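Chemist: my questions concern the predicted model and sequence given below.
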Amino acid sequence: MDIAKYAGTKIKYFREQKEWTQTELANKVGIGKSAVANYEAGIRAPKQDILFALSKIFEVSVNEFFPETVVKNERDIDRIYDQLSSSRQRSVYDFATDQLNQQNSKIHDIDDYRQLNTIELLGSVSAGTGEYLGDGTPEPVTIEGPIPRFDFAVRVHGDSMQPTFDDGQIIFVNKVEKVDEVRNNQFVIAEINGEAFIKKLFVSYDCIKLISLNRNYEDIVIHDYDDYRIIGVVVI
């Protein structure tokens with residue numbers, strides 16, 4: 001079965017259930033209307049970060065966008081995996097592990113979602129106009145439910161990344177050591193002139209922009225004179 005066409009059919013079905021136009025859905029995800037049209041037509045499949053954003057917006061499991069049986073060539077997977085850097089291999093492993101856990105979850109595992117976990121919160125990142133990440137002193141916080149593998153956790157401050165990230169939401173982040181570990185259109189934690197933001201990264205041949213999903217906020221254009229670096233990639 002063509003995975004792109006299957007995912008496109010599902011996206012169209014869930015969009016129509018919400019009674020949204022393609023433009024309305026595109027604005028909620030932070031992509032162009034043409035991208036939604038291409039997804040629904042099965043011309044191309046959404047990337048991982050887009051699928052997770054769609055699953056949150058539609059309030060469904062990300063597994064809804066995949067056929068029940070997807071046959072893959074194991075030798076091809078092994079060949080591709082062996083060519084990845086160690087950090088990318090870890091990302092593949094973590095994603096596959098998460099998918100397996102979801103697949104094997106049973107209704108009686110609901111107690112796992114009631115358990116309390118204590119984590120250390122590094123600070124806050126702005127979804128608006130920017131703020132200092134923190135003084136390096138972690139703050140212990142207790143959250144309910146299972147947590148993914150992550151390098152550090154921060155709290156979102158502001159509403160410029162709604163509907164995907166809410167004000168006050170705790171997010172989990174993997175550190176970035178090299179620029180080539182970050183892909184275009186990923187949700188990142190970026191530091192600009194000493195202030196930390198959570199934004200969607202957009203890179204083209206002539207500019208770097210940090211995108212706000214809430215269109216009430218302007219995107220941030222990175223200039224040559226800015227002190228800019230990507231601290232980490234959000235675990236979704």
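Modeler: Nice, thanks for sending it over. These figures come from a predicted structure and were not determined experimentally. Residues are numbered from 1 along each chain as shown.
Chemist: can you tell me the SS state at A153?
Modeler: strand (DSSP: H, G, I helix; E, B strand; the rest coil).
Chemist: same question but for K28, I mixed them up
Modeler: Going by three-state DSSP: K28 is helix.
Chemist: that one: neighbour count?
Modeler: Each residue near K28 was counted by other CB atoms under 10 Å, and the total is 22. For glycine as for every other residue, the C-beta is placed from the backbone atoms N, C-alpha and C.
Chemist: cool, and N117?
Modeler: With other CB under 10 Å as criterion, N117 counts 11.
Chemist: so which strand or helix has it?
Modeler: Remark: N117 resides in strand 116-126, with elements defined by DSSP states H and E.
Chemist: pull the CA atoms of stretch 176-184 into PDB?
Modeler: The C-alpha trace of stretch 176-184 is given here as PDB (Å, rounded to 0.1, in the frame of the first residue of the first chain):
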ATOM      1  CA  VAL A 176      22.300  19.600  19.300                       C
ATOM      2  CA  GLU A 177      26.100  19.200  19.000                       C
ATOM      3  CA  LYS A 178      26.400  19.800  15.200                       C
ATOM      4  CA  VAL A 179      24.400  21.900  12.800                       C
ATOM      5  CA  ASP A 180      23.900  18.900  10.500                       C
ATOM      6  CA  GLU A 181      21.900  17.200  13.200                       C
ATOM      7  CA  VAL A 182      19.000  19.600  12.600                       C
ATOM      8  CA  ARG A 183      16.600  19.300   9.800                       C
ATOM      9  CA  ASN A 184      14.500  22.000   8.100                       C
END
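Chemist: just give me the neighbour total for S61.
Modeler: A total of 11 residues lie near S61 under the criterion other CB under 10 Å.
Chemist: which one is it nearest to, not counting chain neighbours?
Modeler: S55 (6.3 Å; CB to CB, 6 or more residues apart in numbering).
Chemist: can you tell me the SS state at the one you found?
Modeler: Going by three-state DSSP: S55 is helix.
Chemist: contact partners for it?
Modeler: S61, V62, E64, F65 (CB atoms under 8 Å, 6 or more residues apart in numbering).
Chemist: now for the strand holding N117, which elements pack on it?
Modeler: strand 139-144, strand 152-157, strand 170-175, strand 195-203 (3 or more CB pairs under 8 Å, 6 or more residues apart in numbering; DSSP states H and E).
Chemist: which of those strands sits closest to V234?
Modeler: Counting by CB to CB, V234 lies closest to strand 170-175 out of the helices and strands packed on strand 116-126; the figure is 5.5 Å.
Chemist: that closest one pairs with which strands?
Modeler: Strand 170-175 pairs in its sheet with strand 152-157 (antiparallel), strand 228-235 (antiparallel), by DSSP bridges.
Chemist: what does the next helix or strand after it contact?
Modeler: Moving toward the C-terminus from strand 170-175, the next helix or strand (DSSP H and E) is strand 187-192. Strand 187-192 is contacted from outside by 49, 125, 130, 133, 154, 161, 164-165, 173, 176, 182, 196-201, 210, 220, 222, 226-234, 236, using CB under 8 Å, 6+ apart.
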